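> Provided below are the primary sequence and the corresponding predicted coordinates.
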There are 2 protein chains.
Amino acid sequence: MTPKTLDTIETPALVLDADRMDANIARMHAHLKALGVNLRPHVKTAKCAEVAERCVAGQSGAITVSTLDEAEFFAARGAKDILYAVGLAPSKLEHVRALRARGIDLSVITDNVEMARRAQGLPVLVEIDCDGHRSGLKPGDPAIVEVGRAIQAAGGEVRGVMTHAGGSYDCRSVEAIGAMAEQERRAVVAAAGALRAAGIPCPVVSVGSTPTATYAERLDGVTEVRAGVFVFFDLVMAGISVCRVEDIAVSVLASVIGHQREKGWTIVDAGWMALSRDRGTASQPVDQGYGLVCDADGRPLEDVIVAQANQEHGVLAHRSGDPSRMPQLPIGSLVRILPNHACATAGQFSAYQVVRGSRTIEAQWARLAGR
Amino acid sequence: MTPKTLDTIETPALVLDADRMDANIARMHAHLKALGVNLRPHVKTAKCAEVAERCVAGQSGAITVSTLDEAEFFAARGAKDILYAVGLAPSKLEHVRALRARGIDLSVITDNVEMARRAQGLPVLVEIDCDGHRSGLKPGDPAIVEVGRAIQAAGGEVRGVMTHAGGSYDCRSVEAIGAMAEQERRAVVAAAGALRAAGIPCPVVSVGSTPTATYAERLDGVTEVRAGVFVFFDLVMAGISVCRVEDIAVSVLASVIGHQREKGWTIVDAGWMALSRDRGTASQPVDQGYGLVCDADGRPLEDVIVAQANQEHGVLAHRSGDPSRMPQLPIGSLVRILPNHACATAGQFSAYQVVRGSRTIEAQWARLAGR
């Protein structure tokens, strides 16, 4: 049987270049090994057993999830140590307890006394806000110890402290990201110190974002790093120098279905249902529209982007808007579109078409579709 | 057994108020009946058999899809007459033929001679561009007849002409939408006339967008209307007076998981994976952020919106940004978030929690998850 190739499958499709992914994972493993910390990969990016397996190779085997559906998916595939890293809601307590009753060491997070009081039997990490970005308690807040005591009083276990330097996505230099990594480290180490000073054990000290994980110079006092997008990278990461465009491992394969030549538009069958509505590069120095367009072999077409997106239509155009600078792409031509945000784009598909630098599809890897 | 209610399910969840949906469908049916045309509902909004069934009641039973996965989903549930309304790509020819071989009257569209030449055995509609919005041939373009002849020469059938007034989403008054509806009508009627004048039969004359379907005053010469978002409506439609906020039938149920009180932030467990990244109201007079926040019964909280979204976190804030104007929403409070764009938000879920004006869940309706 002829092997499947990118030329013979229906479009749009999600392509994963496993050579690039392997290199991305190896780089992160080497960096964190040098810093002496374990990687607890955030599987929300890939939502794929084969990818997670490669991320935890040589690590403790622990993973991070962003939904209980992800916890179910990975528990069914052998994961035993899972951190659900979104603040716990009352409606999820029953499900969390059911997963734990099946022998999964599922830990949860909170930043408030109300949920801490309901932590009976649960390992809980106290969420710390290291950068004003989202949830969590400020490092010096006495509420950290109050939450810790409330967890213990409820019959729960204080598993540790965790933070996420989401603000690193807004950094505009490698130096700024390095400084953010140190700020992230200090925040959780200080919070862990406050708990310990109050007589509360704090075994886990957890940080994580792909930018800070990449540029952290020291992680003293930290026990684990959660990072996810590094497996695939994307245009937002390239835009802040966390990767190169040629490191991006996922792309959306699309077919040319029409032209509006006087406008310089080439229409493809990948719209925002395939690419997602993520416009993360809009606030960066180089706006990549809904994605950067490559040929079917993954080589960028100079300055061609997805300028507009409807549900199942993408409009390719030259960045300049000049129709004369748009390359000829006949009907049926295949392109590969690099995503602004790998988590969002991959989230629109239920499988990866796995290639290794060529158009031959070596495998199809299932992923958890949607949430 | 106690019936399930919105108070006892895990969040986030997609809630469908079927009373509102029924009223939206009845209104569209009555309007199109008065204009004497059939509704061929676009099922890409709901991707749900129970919703489609209500849309085709009293109509011909024909539907419109935006992907072949949708065609498969609805063919498996009894649909016989399906228009795939995205320009055909070569990679999909085999799949289209396989569906037709199973007895489905699947018709396709194109706006170019290259695909017309490959139309053997296929019913094809010629795509017309009525407003410069996307794909299609301009109404006066001689290529319309060339494409028609190429379809016939290839052994295909010219099923008709179709257009989509996507530009109506940018209209800012009911009068402008009415004028756009007439422009849409004239474009396809003219194209049908050109084909017929060349001796090419053109049985189907198809228009469709929810705004133009709502405000069309006459549809002489048109045989069918494709519209989709009218079943649920959304904030973008409310923003251009195509519906009222209280007509919006879908919302995302979310739980409060934290606060950053000094900023006036309330954090919920619905981020852009649940709400989508669609920011369609950003270009409208009233920007609704990532959605307008209601209480658990669906009543809007005055001027509270989802100001920011991460993957699984939403940040609720008062529209003014003033922390003192933010209502108290304790940990565990339930809110319902009205979406900017119903197609995008519903697309993030695999089921509807069906209610009728209360919190009691009367049914769960499956939907095609993702693409």
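Good, I have the coordinates. Numbers count the residues shown, from 1 in each chain, chains lettered A, B, ... in the order given.

> How is chain A partitioned into domains?
Following automatic domain parsing, one finds the domains of chain A at A:20-229, A:245-366.

> Now do the end-to-end distance for the longest one.
Start and end residues of domain A:20-229 are separated by 13 Å (C-alpha to C-alpha, to the nearest Å).

> Okay, A:Gly167 and A:Ala216: tell me how far apart.
Distance, A:Gly167 to A:Ala216, using C-beta to C-beta, to the nearest Å: 14 Å. From N, CA and C alone the C-beta is placed, and that goes for glycine too.

> Among the two, which residue is more densely surrounded?
More crowded of A:Gly167 and A:Ala216, by other C-beta atoms under 10 Å in any protein chain shown: A:Ala216, with 24 against 21.

> give the contact list for that one.
A:35, A:178, A:181-182, A:184-185, A:207, A:225 (C-beta atoms under 8 Å, 6 or more residues apart in numbering or on different chains).

> Just the buried subset of those, written out for PyMOL, thanks.
The buried residues among the contacts of A:Ala216 can be selected in PyMOL (16 or more other C-beta atoms under 10 Å in any protein chain shown) with this line:
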select buried, chain A and resi 178+181+184+185+207+225
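
> Next step: the contacts of A:Ala216 restricted to strands.
Counting by DSSP state E, the contacts of A:Ala216 place A:207, A:225 in strands.

> And the lengthiest helix in chain A, what's buried?
Counting by DSSP state H, the longest helix found in chain A is helix A:174-197. Neighbour-count burial for helix A:174-197 flags A:176-178, A:180-181, A:183-185, A:187-195 (criterion: 16+ other C-beta under 10 Å).

> quick revisit: could you identify the most distant pair in the contacts of A:Ala216?
In the contacts of A:Ala216, the most distant members under the criterion C-beta to C-beta are A:Gly178 and A:Val225, with 14.7 Å between them.

> which residues touch A:Gly357?
A:17, A:19.

> which of the residues in stretch A:126-146 are buried?
If you call a residue buried by 16+ other C-beta under 10 Å, then stretch A:126-146 has these buried ones: A:126-131, A:133-139, A:141, A:144-146.

> Identify the nearest residue to A:Thr266 in space, disregarding sequence-adjacent positions?
Nearest residue to A:Thr266, sequence neighbours excluded (C-beta to C-beta, 6 or more residues apart in numbering or on different chains): A:Leu316, at 4.2 Å.

> so that neighbour is in which element?
A:Leu316 belongs to strand A:314-318 when assigned by DSSP states H and E.

> The helix or strand following that strand vs strand A:314-318, what angle?
Sequence-wise, the next helix or strand downstream of strand A:314-318 (DSSP H and E) is strand A:334-338. Calculated by axes from the mean of the first three to the mean of the last three C-alpha atoms, to 10 degrees, strand A:334-338 forms an angle of 90 degrees with strand A:314-318.

> partners of strand A:334-338, with directions?
Using DSSP bridges, the strands paired with strand A:334-338 in its sheet are strand A:250-260 (antiparallel), strand A:292-295 (antiparallel).

> contact partners of that strand?
Contacts of strand A:334-338 with the rest of the structure, by C-beta under 8 Å, 6+ apart, involve A:6-7, A:11, A:15, A:234-235, A:245, A:248, A:250-256, A:268, A:270, A:275, A:288, A:290-298, A:300-301, A:306, A:314, A:316, A:329.

> Quick check: phi and psi on A:Ala282?
Backbone geometry at A:Ala282, expressed as degrees, to the nearest 10, gives phi -60, psi -30.

> Can you report how many residues neighbour it?
A count of neighbours around A:Ala282, defined by other C-beta under 10 Å, yields 12.

> Quickly list what A:Trp365 is bridged to.
Note on A:Trp365: beta-bridge partners by DSSP bridges are A:Tyr352.

> List the residues that contact it.
Contacts of A:Trp365 by C-beta under 8 Å, 6+ apart are A:16, A:48-51, A:351-352, A:354.

> mind checking pLDDT for it?
A:Trp365 is assigned a predicted lDDT (pLDDT) of 98.

> Report the secondary structure state of the residue sitting furthest away from the middle of chain A.
Distance to the chain centre peaks in chain A at A:Glu262, reaching 39.0 Å (criterion: C-alpha atoms, centre = their mean). Following DSSP: H, G, I helix; E, B strand; the rest coil, the label given to A:Glu262 is helix.

> Give me the neighbour count for the residue nearest to A:Ser206 when sequence neighbours are not counted.
Spatial nearest neighbour of A:Ser206, excluding adjacent residues (C-beta to C-beta, 6+ apart): A:Met162 at 3.9 Å. Other residues within reach of A:Met162 by the criterion other C-beta under 10 Å amount to 26.

> which SS class is A:Met162?
strand.

> Quick check: the gap between it and A:Tyr290.
To A:Tyr290, A:Met162 is 33 Å away according to C-beta to C-beta.

> likewise A:Ala227?
Distance of A:Ala227 to A:Tyr290, computed by C-beta to C-beta: 25 Å.

> Please identify which of the two sits among more neighbours.
Neighbour count, other C-beta under 10 Å: between A:Ala227 and A:Tyr290, A:Tyr290 has more, with 30 against 24.

> quick one: contacts for the more buried one?
Applying C-beta under 8 Å, 6+ apart, one finds that A:Tyr290 lies in contact with A:272, A:275, A:279, A:305-309, A:314, A:337, A:340.

> if we can go back for a sec, was I right about the residue farthest from the centre of chain A contacting A:Pro323?
Yes - contact criterion C-beta atoms under 8 Å: A:Glu262 and A:Pro323 qualify, at 6.7 Å.

> got any residues that touch both of the two?
Counting by C-beta under 8 Å, 6+ apart, nothing touches both A:Glu262 and A:Pro323.

> Narrow the contacts of A:Tyr290 to those in strands?
When the contacts of A:Tyr290 are checked against strands (DSSP E), the matches are A:305-309, A:314, A:337.

> Of all pairs in the residues you listed, which one spans the longest distance?
Distances among these were taken as C-beta to C-beta; the most separated pair is A:Gln308 and A:Ile337, at 13.0 Å.

> higher neighbour count, the two?
Counted by other C-beta under 10 Å, A:Gln308 and A:Ile337 do not tie: A:Ile337 has more neighbours, with 30 against 18.

> Please name the spatially closest residue to the more buried one (chain neighbours excluded).
A:Ile337's closest residue in space is A:Gly291 (C-beta to C-beta, 6+ apart), at 4.0 Å.

> I'd like to know how many residues surround the one you found.
The tally of other residues near A:Gly291 (other C-beta under 10 Å) stands at 31.

> so of the strands paired with strand A:334-338, which one's packed in deepest?
Compared across those, strand A:250-260 shows the largest average neighbour count, a mean of 26 (mean count of other C-beta atoms under 10 Å in any protein chain shown).

> Pick out the residue in the stretch 101-250 of chain A sitting closest to chain B.
Nearest to chain B, among the residues of the stretch 101-250 of chain A, is A:Glu114, at 4.0 Å (C-beta to the nearest C-beta).
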